[in-house]
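>>> predicted structure and sequence below. I'll ask about it afterward.
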Amino acid sequence: MTKKNAFNRRSFLAGTTAAGVFTVIPRAVLGTADQPSANNRLNIASVGVGGMGSGDIRQVPTENIVAICDVDANHAANSAKNFPQAKVYSDFRVMFDQQKDIDAVMVATPDHNHAVVTMRALKLGKHVFCQKPLAHSVHEALEMAKAAKEAKVATQMGNQGQASEEARLTCEYIWSGAIGPVREIHSWSNRRPDISQRGVPRPSEQPAVPAGLDWNLWLGPAAERPYHPCYHPFAWRGWWDFGTGVLGDIGCHNLSAAFKALKLGWPTSVEACSTHWSAVPEITRETAPLASIVTYRFAADGDRPEVTLRWYDGGMMPPLPDCVEPTRKLFANDGTLIVGDKGMLLGHRLMPESRLQEIGKPPQKLPRSPGHYREWIDACKGGPPAGSNFVDHAGHLAAVVLMGNIAIRTQDKLIWDAEKLQFRDNDAANALLNPPYRQGWSLT
């Protein structure tokens, strides 16, 4: 830990889920679940309804679900039972070509298809809710933010915790000076390998494609490979061609509040160590590592000192702060610890206890959110931008998070050129900023 910090901190940085929308408009203007708004209900299409997507569309009961699209006919049929009025599609391109009454789109495909679906929607002037980590590559995240700004539509990334009370308290504690200048952030997640399969080579077996699954459409812009159940329907997250590992999966949840509170821009450098250090290329080029530690460094900005952000997964953890009893299990599952010169935040909880007793609750500076999904619906109907909209927050957050995966894959210390939006003197790393699409697919 840095010697600059007067507060003893073998500890680490506390994020929470995320800091959310900071403006609220009256429900009387935009309506409630019992009384739709004067602007009428939105016609919403959902693309990818096998997992999170099926839950997403149940979170917008004030609106009309008019289209359901999934490359797996079984997933589409199951979801359509709840929305008998919705038309069902397997190809989102056909859906957009044929159905002209769509106002907004919710995207919950595997990561590698987020951008191609979202960009088509944005270019058609549709509002978009897209699951985290928004994109599969740094280039995609930046292009999606740019397209959203040009389209002037309402957007929201699916890092739901950014709308929480805890996210706001995190910001308010930091802004009030309760923990002093922040110099370190430490964030972790311990997703099991069965949730996010990692550290394994590509399977050699080639089982038959299940009935009802359009495997070619599932692949989308990814390179061709045979179907295998280790990809679909659930375990695609750890495969580089389809997912973004544990960092991509959880980083946008854990780090949103810290990025907002500290106004973190581009890191000056990013580097990583992982269980891939001695793995063969047949593993490293296919899947994320079983465990990794990623270090980002952000230059000082105004009154904010230099910040070091460390990410841990696969059981890797920061050391316990000195103010915590040695036997206490402080770091479990997912979390963030934000360390300042005068104290620290574990999630939104001020530590040590003596500091909490001294400070109490911080002054409220942020309006509270009507809810993550409600933020987006209100924004679609002319309200303020949602808290994790692509332009102001989600595009940048996702891009920085995904830079960490490039450090994992190259095993180099990468120096970022914020003007050119590329790494200095590292062709291999720069190639991973914008991996090629399969022929026939593009963002245009």
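The structure has been received and is ready for your questions.

>>> dump the residue contacts of Trp376.
Contacts here follow CB atoms under 8 Å, 6 or more residues apart in numbering; on that basis Trp376 touches His127, Phe129, Ala154, Thr155, Gln156, Ala386. Where you see a C-beta, it was placed from the backbone N, CA and C, and this is true even at glycine.

>>> for it, which non-adjacent residue is closest in space?
Gln156 (3.8 Å; CB to CB, 6 or more residues apart in numbering).

>>> am I right that that neighbour is in a strand?
Yes: the assignment for Gln156 (DSSP: H, G, I helix; E, B strand; the rest coil) places it in a strand.

>>> shouldn't it be in contact with Pro384?
No: at 11.9 Å, Gln156 does not count as touching Pro384 under the criterion of CB atoms under 8 Å.

>>> those two: which has the busier surroundings?
The neighbour count for Gln156 versus Pro384, taken as other CB atoms under 10 Å, is higher for Gln156 (30 against 16).

>>> per-residue confidence at that one?
Among the per-residue scores, Gln156 holds a pLDDT of 98.

>>> repeat that for Cys252.
Here the pLDDT value assigned to Cys252 is 98.

>>> list the contacts of it.
With CB under 8 Å, 6+ apart as the criterion, the residues that contact Cys252 are Ala18, Lys132, Pro133, Leu134, Met157, Asn159, Ala394, Leu397, Ala398, Val401.

>>> so of the residues you listed, which ones are in helices?
Judged by DSSP state H, the contacts of Cys252 include Leu397, Ala398, Val401 as members of helices.

>>> now the residue of the chain positioned farthest from its centre: how far from Cys323?
Relative to the centre of the chain, the most outlying C-alpha is that of Glu358, 34.7 Å out, by CA atoms, centre = their mean. As defined by CB to CB, to the nearest Å, Glu358 lies at a distance of 13 Å from Cys323.

>>> for Phe242, same thing?
As it turns out, when the distance is counted by CB to CB, Phe242 lies 42 Å from Cys323.

>>> how about His393?
Computed with CB to CB, the distance linking His393 and Cys323 is 32 Å.

>>> go on, Arg192?
Summarising the geometry, the distance separating Arg192 from Cys323, computed by CB to CB, is 30 Å.

>>> CA atoms of the helix or strand encompassing Ala115 as CSV?
Ala115 belongs to helix 114-123 when assigned by DSSP states H and E. What follows is helix 114-123 as a C-alpha-only set of coordinates in CSV (Å, rounded to 0.1, in the frame of the first residue of the first chain):
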residue,chain,number,x,y,z
HIS,A,114,-24.6,-7.3,-27.9
ALA,A,115,-23.1,-4.8,-30.3
VAL,A,116,-24.5,-6.1,-33.6
VAL,A,117,-28.1,-6.1,-32.2
THR,A,118,-27.8,-2.8,-30.3
MET,A,119,-26.2,-0.9,-33.2
ARG,A,120,-28.9,-2.0,-35.5
ALA,A,121,-31.5,-0.8,-33.0
LEU,A,122,-29.7,2.5,-32.5
LYS,A,123,-29.3,3.2,-36.2
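
>>> tell me which other helices or strands it touches.
For helix 114-123, the helices and strands in contact under the criterion 3 or more CB pairs under 8 Å, 6 or more residues apart in numbering; DSSP states H and E are helix 92-98, strand 104-107, strand 127-131, helix 138-151.

>>> contacts made by the last one with the rest, please.
Residues from elsewhere that reach helix 138-151, judged by CB under 8 Å, 6+ apart: 114-115, 118-119, 122-123, 125, 128, 130, 133-135, 155, 389-391, 394-396, 398-399, 402-403, 406, 421, 433-434, 443.

>>> quick one, which of those are buried?
Restricting those to buried positions leaves 114-115, 118-119, 122, 128, 130, 133-135, 155, 389-391, 394-396, 398-399, 402-403, 406, 433, 443, with burial counted as 16 or more other CB atoms under 10 Å.

>>> circling back to that earlier point, more neighbours, Phe242 and Cys323?
Phe242 (22 against 17).

>>> break this protein down into its domains, please.
The chain breaks down into these domains under automatic domain parsing: 27-159, 163-431.

>>> would you reformat those domains as CSV and include distance to Arg438?
Converted to CSV, those look like this (distance: least, CB to CB, whole Å):
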stretch, distance to Arg438
domain 27-159, 10
domain 163-431, 5
